[in-house]
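Peer 1: Structure for this input, please:
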Amino acid sequence: MPVTALWAAPRSRSTAFFRSMLQYGELTALHEPFCNVADFGETEVAGRVVRSERELIDAVVELAKDREVFFKDTTDHRYAEVLEDRRFLAGTRHTFLIRRPEEVAASFYALQPDMTVSDIGIEGLYEVYRAVLDAGGPPPVVVDSDDLVNRPAQTMAAYCAALGLTYREEALNWSASKREEWQRTDRWHVAVSNSTGFSKSRSSYRHTVGNTPLLAEFAAHHQPFYELLRAVRLPVGEPARVEEAAPAV
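Peer 2: Next comes the predicted model:
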């Protein structure tokens, strides 16, 4: 059975994306398993505790022998075992979620002021993207989070079509709640815990690239990688227009 990965820049609305994918009950969904190993030294896959990237890759592949697996992870960490495992890179359906680096920078800094340039994660995202291409995997799917919030139905329909999933309109909405999957990192997911769907409302931050030179420097570093990924983003059609019927003659 297939494994689908969603690699995302931090603060790119990826947990809302994950929340939507939970509505596809035939998928076994894992929330940031590689990040959990990096931050906490372990994660759980179908009741099995794993403590390294190598163990995690093996556990995901084993799980996929009898069910479809979807996981989402963020690239503020660098996952060396993933980048070196050409079989996993080529055998997994890799998808990517991008967001403007200046928005990631402001959002991340609000929660972690001691952040470093790598925490924005877009350079790391591009490194995974290139590794997938070099390993000969299926063409990666890149989603722009601007499309996700401005045209959620069209974006998710296009994403599902690219993956061979049957699109479900009801997956655009969910009940507001905290999830066990992100309990250890709950403070990063307050907005999505209170959400009931994709929202294009934008938060206001005290520190931005406009008034904080460090954030401007960080965002500028990632801008070229963002542009490279944005250039190959998934095409999303405009909402269909409803034409008025012509008058009878």
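
Peer 1: And the worst-scoring helix or strand of the chain on mean pLDDT, what's buried?
Peer 2: Within the chain, no helix or strand scores below helix 190-193, which has a mean of 74 by mean pLDDT, DSSP states H and E. For helix 190-193, burial by neighbour count (16 or more other CB atoms under 10 Å) applies to residue 192. The C-beta positions use only the backbone N, C-alpha and C, and glycine is treated the same way.

Peer 1: Relative to residue 197, how far out is the nearest residue to residue 223 once chain neighbours are set aside?
Peer 2: In this structure, residue 223 finds its nearest non-sequential neighbour in residue 101, 5.6 Å apart by CB to CB, 6 or more residues apart in numbering. Separation of residue 101 from residue 197 (CB to CB, to the nearest Å): 25 Å.

Peer 1: Neighbour count: those two, which is higher?
Peer 2: residue 101 (25 against 14; other CB atoms under 10 Å).

Peer 1: Is it correct that residue 14 is in contact with residue 20?
Peer 2: No. Shown here, residue 14 and residue 20 do not form a contact pair, counting by CB atoms under 8 Å, at 10.5 Å.

Peer 1: which one of the two has more residues nearby?
Peer 2: Per other CB under 10 Å, whichever of residue 14 and residue 20 has more neighbours is residue 14, with 24 against 21.

Peer 1: How about the contacts made by the more buried one?
Peer 2: If a contact means CB atoms under 8 Å, 6 or more residues apart in numbering, then residue 14 has 6, 8, 72, 74, 97 as its contacts.

Peer 1: State the pLDDT value of residue 188.
Peer 2: Model confidence at residue 188, given as pLDDT, is 69.

Peer 1: ditto for residue 240
Peer 2: Residue 240 is given a pLDDT of 39.

Peer 1: about what we covered before: packing partners for the next helix or strand after the least confident helix or strand of the chain?
Peer 2: Next helix or strand after helix 190-193 toward the C-terminus (DSSP states H and E): helix 213-230. Contact analysis of helix 213-230 by 3 or more CB pairs under 8 Å, 6 or more residues apart in numbering; DSSP states H and E lists strand 93-98, helix 101-111, helix 122-135, strand 141-144 as its packing neighbours.

Peer 1: can you give me the angle the third one makes with helix 213-230?
Peer 2: When you say that, I think you mean helix 122-135. If you take axes from the mean of the first three to the mean of the last three CA atoms, to 10 degrees, helix 122-135 sits at 30 degrees to helix 213-230.

Peer 1: What is the burial count for residue 180?
Peer 2: When neighbours are counted by other CB under 10 Å, residue 180 comes out with 7.

Peer 1: quick one: it from residue 77, how far?
Peer 2: When residue 180 is compared with residue 77 (using CB to CB), they lie 22 Å apart.

Peer 1: Same question for residue 191.
Peer 2: 22 Å.
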